[in-house]
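Student: Generate coordinates for the sequence data below:
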Amino acid sequence: MAAARYMGLINIFVYLLFIALSWWALQQFRFDVLLRQPKSAQGKMLQIFLSIALGYELARFFLDYLQYSLGLQRMF
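Tutor: Presented below is the predicted three-dimensional model:
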């Protein structure tokens, strides 16, 4: 029951962690090949949106996996 109290805080931390990791990983992607002006405000905004979308999906996968694995404990 104590873990249920902290799940909101854990979720926020995991989302922010995966968004930051996605931002870090996207720094290696060559946006200059795809965009006319990758250093412009629109180019940076695209990087931010991509890192949020990718980080959200990765965090959702991780949190679902965590929830399912914790649910297995109740089965046995």
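
Student: what stretches of the chain score poorly on pLDDT?
Tutor: 1-3 (pLDDT under 70).

Student: Show me where the protein has its helices.
Tutor: 2-26, 41-75 (DSSP state H).

Student: For those helices, give me JSON lines that also has distance to residue 33.
Tutor: The way it works is simple: take the backbone N, C-alpha and C, and place the C-beta from them, glycine included. Shown next, in JSON lines, are the helices of the chain (distance: least, CB to CB, whole Å):
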{"stretch": "helix 2-26", "distance to residue 33": "14"}
{"stretch": "helix 41-75", "distance to residue 33": "12"}
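
Student: Centre-most residue in this protein?
Tutor: residue 55 (1.9 Å; CA atoms, centre = their mean).

Student: tell me the contacts of that residue?
Tutor: 15, 18, 19, 20, 21, 22, 23 (CB atoms under 8 Å, 6 or more residues apart in numbering).

Student: how near is it to residue 61?
Tutor: Here the distance between residue 55 and residue 61 works out to 11 Å (CB to CB, to the nearest Å).

Student: again, but for residue 67
Tutor: 11 Å.

Student: Need the overlap of contacts for these two.
Tutor: What both residue 67 and residue 61 touch, as defined by CB under 8 Å, 6+ apart, is an empty set.

Student: What residues of stretch 50-57 count as buried?
Tutor: 51, 54, 55 (16 or more other CB atoms under 10 Å).

Student: ok, residue 22 - how many residues close by?
Tutor: 21 (other CB atoms under 10 Å).

Student: mind listing what it touches?
Tutor: 50, 51, 52, 54, 55, 58.

Student: Likewise for residue 48?
Tutor: For residue 48, counting by CB under 8 Å, 6+ apart, the contacting residues are residue 23.

Student: Surely residue 56 touches residue 15?
Tutor: Yes: counting by CB atoms under 8 Å, residue 56 does reach residue 15; the two are 6.7 Å apart.
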